[in-house]
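Undergrad: 3D, please:
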Amino acid sequence: VKIYSIRPDFDSYYYKVKTTKKSICLHFTVGYIKSDTTALSTKDNCVSVSYVVDRRGRIYEMFPDTEWSYHLGSGAVGGNGAMSKQSIGIEISNYGPLKLSGENLIDAYKNEYCKVSETQFYDKLNYRGYDYFASMTEVQISATAALIKYLGRKHDIPMNFMPSDAPFANNAEALAFKGVFYHTNVRKDKFDWPFGPSLKSIIAACTN
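TA: Have a look, this model is predicted:
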């Protein structure tokens, strides 16, 4: 696994405190790599993740995976602080939900993402108010799976994936979980990741 460090010359966007990791959480960014990494390294704002994977399959380290930053948000099942400390956040650079406009699919910034006919660039899913989601690239899926397996070996995290994107039943279940979960498992208002082809491909690559 080749990892590129792109940390800025300050470190006030994460806590330099080592914590025991029990799980990995997958997110998508709703953006592109330059804006993604900039947003995840905002000075004096401890909201970030250890890794970002871009569409070319490059893995970028934002801070050491032994340390932590908030990445789940207010209202997260299990608690934003407790769950953020014990999980490693991975952001997959991706535009996320798309809206149909004529023959085009439009991203969150009202830009054309692709044509409806270009089915290789999106997954058709009916999920939390959206019918279309940007798909991962094949190299991105492979890189994310490799990173997950690497982190599993490093931190003794089992390749135990949540079986759906439904939220944990309660705080105790979330805090006890060991394996890989998704932002949707702790937040009912989030949509990263819907349990579609892209996510299933990562799971298959990790558990095959």
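
Undergrad: low-confidence regions, this protein specifically.
TA: For the chain, applying pLDDT under 70 flags no range at all.

Undergrad: mind naming the longest helix for the protein?
TA: As far as residue count goes, and with DSSP state H defining each element, the longest helix of the chain is helix 138-155.

Undergrad: so what's His183 up against?
TA: Cys25, Leu26, His27, Leu72, Lys190, Asp192, Trp193 (C-beta atoms under 8 Å, 6 or more residues apart in numbering). (Glycine included, C-beta is placed from N, CA and C.)

Undergrad: and the host helix or strand of Ala204, how far out from the chain middle?
TA: Secondary structure here is read from DSSP states H and E; on that basis Ala204 sits in helix 197-207. Using C-alpha atoms, centre = their mean, to the nearest Å, the distance from the centre of helix 197-207 to the centre of the chain it belongs to is 14 Å.

Undergrad: which elements pack onto it?
TA: When contacts are defined as 3 or more C-beta pairs under 8 Å, 6 or more residues apart in numbering; DSSP states H and E, helix 197-207 packs onto helix 138-155, strand 179-182.

Undergrad: deepest-packed of these, please.
TA: Each of the helices and strands packed on helix 197-207 was given a mean neighbour count from mean count of other C-beta atoms under 10 Å, and the largest, a mean of 23, is that of strand 179-182.

Undergrad: what sits up against that strand?
TA: The contact list for strand 179-182, computed with C-beta under 8 Å, 6+ apart, reads 23-27, 87, 148, 157-162, 165, 168, 192-193, 195, 199, 203, 206.

Undergrad: give me the buried subset of the residues you listed.
TA: 23-27, 87, 148, 157, 159, 161-162, 165, 168, 192-193, 195, 199, 203, 206 (16 or more other C-beta atoms under 10 Å).

Undergrad: is the one residue sitting closest to the centre of the chain in a helix, a strand, or coil?
TA: Of all residues in the chain, the one closest to the mean position by C-alpha atoms, centre = their mean is His27, 1.8 Å from it. Secondary structure for His27, judged by DSSP: H, G, I helix; E, B strand; the rest coil, is strand.

Undergrad: Gly81 against His71, yeah?
TA: No: contact criterion C-beta atoms under 8 Å: Gly81 and His71 do not qualify, at 10.9 Å.

Undergrad: these two - which one has more neighbours?
TA: Taking Gly81 and His71 together and counting by other C-beta atoms under 10 Å, His71 has the greater number of neighbours (24 against 12).

Undergrad: contacts only, for the residue lying closest to that one once chain neighbours are set aside.
TA: The spatial neighbour of His71 that comes closest, neighbours along the chain excluded (C-beta to C-beta, 6 or more residues apart in numbering), is Gly89 at 3.8 Å. Contacts for Gly89 were tallied using C-beta under 8 Å, 6+ apart; they are Ile24, Cys25, His27, Ser48, Val49, Ser50, Tyr51, Ser69, His71, Leu72.
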